[in-house]
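1. task: produce atomic coordinates for the following.
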Amino acid sequence: MSLFKRNTSKDLTPLTQEQREERRAFTLAVGIHALLFAFMLVGFVSSPSTPQPVQVELWMDGVSPTAQPEEPVAEEDVVEEPEPQPEPEPEPEPEPQPEPEPEPQPEPEPTPEPQPEPEPVATPPVPEAEPEPDPEIALEEARKRKQEQEEAERKAREEAERKEKEEAERKAKEEAELKAKQETERKEREAAERKAKEEAAKKAAAEKKAKEEAAKKAAAEKKAKEDAARREALRAAMRGDALGAAGIPGGSSDRNQAGGGGGDDGYAAKVRACIRPRVIYNVPPRQGSSNPTVQFRASLNPDGTVREVLINRSSGISGFDEAVRKGIAACSPFPRPPSGQYPRQVDGVYRMYD
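-> Numbering: from 1, shown residues only. Coordinates of the predicted model:
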């Protein structure tokens, strides 16, 4: 077998191991098919044709005068038939035996009409053997088919890979867009929440500031009222002291040192008796002529209960001032005055050592 293949350009190039294997396999297949075709042809030619019909005549013992000598029959035309079995004859009754007479000759059977011979069966023509293809051309065609199949598979594989790549890119793009959309929504939501928190904080701060301003204003108003009441009490006390010094009725000169209550010494004594035991303060021994004094104003309700106690002028000792204020507040209700009606305010002084 040649180790070179022949192409259209008549160039001789060395065959590869795969091509030599393909050529060897192709040659072996062609040889096997050729042998099989030859066996089929021989069997078809040697098969026997349809046998002709055979006529057979049977005779009893004896020879027919008209019988003709039998023609030799070919073994192929003889059809073996089973021999007839003789039927059992009944036993004859014993009779006197007559003289034997010559047995009559059997009449010859009529010769059957000759049957028409069957028409010969037409023998089908033997197909001519196809020319054996050139192994090199067959190998070249097989190689081309294989290359075309490989090329088709490669294109299909590349197409599938391209589609998979496009699908992956599309999915990645969709995921990126979805993530960007979610990120934008998250930022917008956070900005809205932050803005809402800032507005709530501003509103709370404004409310707090308003409350603080209102509290400051109320405290200022209260302080102003207290200052005005204190100034008014101080002016009234000073006015009463001045009137008392001038001998005008209604002044404070006739008031008791421990409490006030108008120009009635009896009512002043009652007020003093109510306040003094309720002033709890550890009075130190007196030194010199100093006598700490507290000026106060007690605001009373119509039933005589103490509504408010103001220190109009301090003694200089805060503890003593507080003890006096608590003692006045504890004297509630105040003693009823002789007129039967409580005054709205009671101004007085309380001295430590008198």
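2. contacts and neighbour counts: CA atoms only from here.
-> OK.
3. any regions of the stretch 151-300 of the chain where pLDDT drops low?
-> 230-265 (pLDDT under 70).
4. run through the helices of it in chain order.
-> With helices called from DSSP state H, counting those that start in this stretch, the stretch 151-300 of the chain shows them at 265-275.
5. quick one: Ala180 from Ala156, how far?
-> 36 Å (CA to CA, to the nearest Å).
6. go on, Lys217?
-> Lys217 is 90 Å from Ala156, by CA to CA.
7. and Pro292, by the same measure?
-> Pro292 is 118 Å from Ala156, by CA to CA.
8. and these two? Which one has more around it.
-> Pro292 (16 against 12; other CA atoms under 10 Å).
9. now that one: phi and psi?
-> Dihedral angles of Pro292 (phi, psi; degrees, to the nearest 10) stand at phi -60, psi 130.
10. identify the residue spatially nearest to it, adjacent ones excluded.
-> Spatially, and ignoring its direct neighbours in sequence, Pro292 is nearest to Ser315 (5.0 Å; CA to CA, 6 or more residues apart in numbering).
11. from what I see, that neighbour and Phe296 are in contact.
-> No. With contact defined as CA atoms under 8 Å, Ser315 does not count as touching Phe296 (10.6 Å).
12. these two - which one has more neighbours?
-> Phe296 (27 against 18).
13. list the contacts for the more buried one?
-> Val309, Leu310, Ile311, Asn312, Arg313, Arg325, Asp347, Gly348, Val349, Tyr350 (CA atoms under 8 Å, 6 or more residues apart in numbering).
14. show me these that map onto helices.
-> When these are checked against helices (DSSP state H), the matches are Arg325.
15. which among the contacts of Phe296 gets closest to Pro333?
-> Val309 (13.0 Å; CA to CA).
16. got the contact list for the closest one?
-> Counted by CA under 8 Å, 6+ apart, Val309 has contacts Phe296, Arg297, Ala298, Ser299, Arg325, Ile328, Ala329.
17. in the residues you listed, find the pair that's most separated.
-> Ser299 and Arg325 (12.1 Å).
18. neighbour count winner among the two?
-> A direct count of neighbours by other CA under 10 Å for Ser299 and Arg325 places Arg325 higher, at 22 against 19.
19. test my guess that the more buried one contacts Ile311.
-> Yes. Counting by CA under 8 Å, Arg325 does reach Ile311; the two are 7.3 Å apart.
20. now the residue nearest to Pro292: how far from Val45?
-> 162 Å.
21. how long is stretch 309-318 end to end?
-> Where stretch 309-318 begins and where it ends lie 15 Å apart, using CA to CA.
22. residues of it that come out buried?
-> Val309, Leu310, Ile311, Asn312, Arg313, Ser315 (16 or more other CA atoms under 10 Å).
23. among these, name the ones in strands.
-> Val309, Leu310, Ile311, Asn312, Arg313 (DSSP state E).
24. tell me what the third one is bridged to.
-> Each beta-bridge partner of Ile311 is listed here: Phe296, as defined by DSSP bridges.
25. that one contacts Val324, doesn't it?
-> No. The pair Ile311 / Val324 is not scored as a contact, 9.0 Å apart, by CA under 8 Å.
26. what is in contact with those two at once?
-> Going by CA under 8 Å, 6+ apart, residues that sit against Ile311 and also against Val324 are Val294.
27. CA atoms of stretch 347-354 as PDB?
-> What follows is stretch 347-354 as a C-alpha-only set of coordinates in PDB (Å, rounded to 0.1, in the frame of the first residue of the first chain):
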ATOM      1  CA  ASP A 347     -47.400  93.800 108.200                       C
ATOM      2  CA  GLY A 348     -45.100  93.500 111.200                       C
ATOM      3  CA  VAL A 349     -41.600  93.100 112.600                       C
ATOM      4  CA  TYR A 350     -40.000  90.300 114.600                       C
ATOM      5  CA  ARG A 351     -36.900  91.100 116.700                       C
ATOM      6  CA  MET A 352     -34.600  88.400 118.000                       C
ATOM      7  CA  TYR A 353     -34.100  89.600 121.600                       C
ATOM      8  CA  ASP A 354     -37.400  91.400 122.500                       C
END
